[in-house]
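Fold the following and give me the result.
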Amino acid sequence: MTTISGKTAFVTGGASGIGYALAAALIREGAHVVLADVESGALERARTTLAGNGSRVTTAILDVTDRDAFARARDQAIAAHGAVHLLFNNAGVNAAGPVQTLTYRDWDWVMGVNLGGVINGVQTFLPELMRHGAQAHLINTASVGGLVGMKNLAIYNAAKFGVVGLSEALRADLKASGVNVSVLCPGIVTTALTTSERNRPEHLRNSSAPAPVASSTSASAVAPNPVAMSADALAAFTLDAIAANRFWIVSHTEFMPLIEQREASILQAFQGEPDPGRVQAMRALIEPF
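Numbering: from 1, shown residues only. Predicted coordinates:
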């Protein structure tokens with residue numbers, strides 16, 4: 001997307017963390033923003049903080065697992081702004097721990113938000129992104145946890161690998177549509193993801209789950225991590241990638257050796273050399289990126 005100024009962006013998980021930082025960066029570039037989040041109090045605080053510099057900032061209380069609510073939020077965004085040009089499927093949660101300790105409620109919650117929420121966003125907004133004929137961009141927040149598996153993150157890995165695969169397929173399917181696609185794969189970022197238990201629905205809570213912790217848009221509310229990137233820095237990095245129409249938005253170079261090791265192990269698992277004719281036939285069949 002050559003220019004963000006004057007465009008409208010819909011950002012899920014927009015009341016805190018990466019979503020809030022993305023919204024702030026978009027507004028600095030002159031975009032209008034719809035902040036969508038399940039936390040009504042944090043949402044209003046974010047709107048109040050971000051509004052007032054000439055950009056229109058509206059809000060939508062949204063549980064990304066609720067498809068009807070997603071459709072209503074889309075319609076409200078179009079009514080308020082005329083069109084939506086950028087969709088940031090960013091809302092995310094986490095339930096960490098050894099896989100043998102996880103419950104079906106853990107799986108349903110994290111997969112429902114982290115993968116189902118992205119699917120719902122795509123299904124709900126793709127017709128709108130294609131409708132108006134202007135430049136459009138769809139950005140799905142995955143993670144380096146969608147590129148390499150990690151200890152104690154089974155559900156998170158499963159969901160984020162799904163987001164990466166979905167994004168690759170979207171890029172291929174939408175190549176001639178005028179809708180660009182990117183997948184954001186950050187490493188450790190200073191956000192309140194580790195306190196996302198606060199947003200777990202009652203019917204998906206475990207009896208032994210920790211007490212919910214109130215959210216905050218302030219990075220100071222999150223314990224520091226020596227390798228963490230600030231959400232603001234990640235947001236700036238992301239907007240630069242959108243301007244350059246990069247599909248992969250991968251920010252944390254310290255994960256490069258792990259990803260290289262994983263890819264090398266996959267290639268080493270193949271036996272023999274590929275037949276050129278079969279490679280050509282395969283590429284014609286699946287139209288890879």
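
Just the C-alphas of the lowest-mean-pLDDT helix or strand in the chain, formatted as PDB.
Least confident helix or strand, the chain: helix 276-286 with a mean of 88, by mean pLDDT, DSSP states H and E. In PDB, the C-alpha atoms belonging to helix 276-286 read as follows (Å, rounded to 0.1, in the frame of the first residue of the first chain):
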ATOM      1  CA  PRO A 276      12.200 -31.500 -12.700                       C
ATOM      2  CA  GLY A 277       9.100 -32.600 -14.600                       C
ATOM      3  CA  ARG A 278       7.200 -33.500 -11.400                       C
ATOM      4  CA  VAL A 279       8.300 -30.200  -9.800                       C
ATOM      5  CA  GLN A 280       6.900 -28.300 -12.800                       C
ATOM      6  CA  ALA A 281       3.600 -30.200 -12.700                       C
ATOM      7  CA  MET A 282       3.300 -29.700  -8.900                       C
ATOM      8  CA  ARG A 283       3.900 -26.000  -9.200                       C
ATOM      9  CA  ALA A 284       1.200 -25.700 -11.900                       C
ATOM     10  CA  LEU A 285      -1.200 -27.600  -9.800                       C
ATOM     11  CA  ILE A 286      -0.900 -25.700  -6.500                       C
END
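
where along the stretch 151-289 of the chain do the strands fall?
Listed in chain order, the strands of the stretch 151-289 of the chain (DSSP state E, counting those that start in this stretch) span 179-185, 189-190, 229-230, 248-250.

and those, which is most packed in?
strand 179-185 (a mean of 24; mean count of other C-beta atoms under 10 Å). Backbone N, C-alpha and C define where each C-beta goes, glycine included.

Quick one: mean pLDDT for that strand?
Mean per-residue pLDDT for strand 179-185: 98.

Can you show me the helices along this structure?
Listed in chain order, the helices of the chain (DSSP state H) span 17-28, 40-50, 67-81, 104-111, 117-131, 154-173, 231-243, 256-269, 276-286.

quick one: the last one to helix 154-173, angle?
Spelled out, that is helix 276-286. 90 degrees (axes from the mean of the first three to the mean of the last three C-alpha atoms, to 10 degrees).

Now do helix 276-286: everything it contacts.
residue 172 (C-beta atoms under 8 Å, 6 or more residues apart in numbering).

and what of stretch 90-103?
By C-beta under 8 Å, 6+ apart, stretch 90-103 touches 11-14, 18-19, 22, 36-38, 64, 106, 109-110, 113-114, 117, 139, 141, 152-156, 184, 193-194, 196-197, 199-200, 206.

Same check on stretch 78-86?
For stretch 78-86, using C-beta under 8 Å, 6+ apart, the contacting residues are 1, 4, 7-10, 26, 31-32, 34, 56, 58, 74, 77, 125, 128-129, 131-132, 134-139, 242.

cutoff 10 Å now
The contact list for stretch 78-86, computed with C-beta atoms under 10 Å, 6 or more residues apart in numbering, reads 1, 4, 6-11, 22, 26, 31-34, 56, 58-60, 74, 77, 125, 128-129, 131-139, 179-180, 239, 242.
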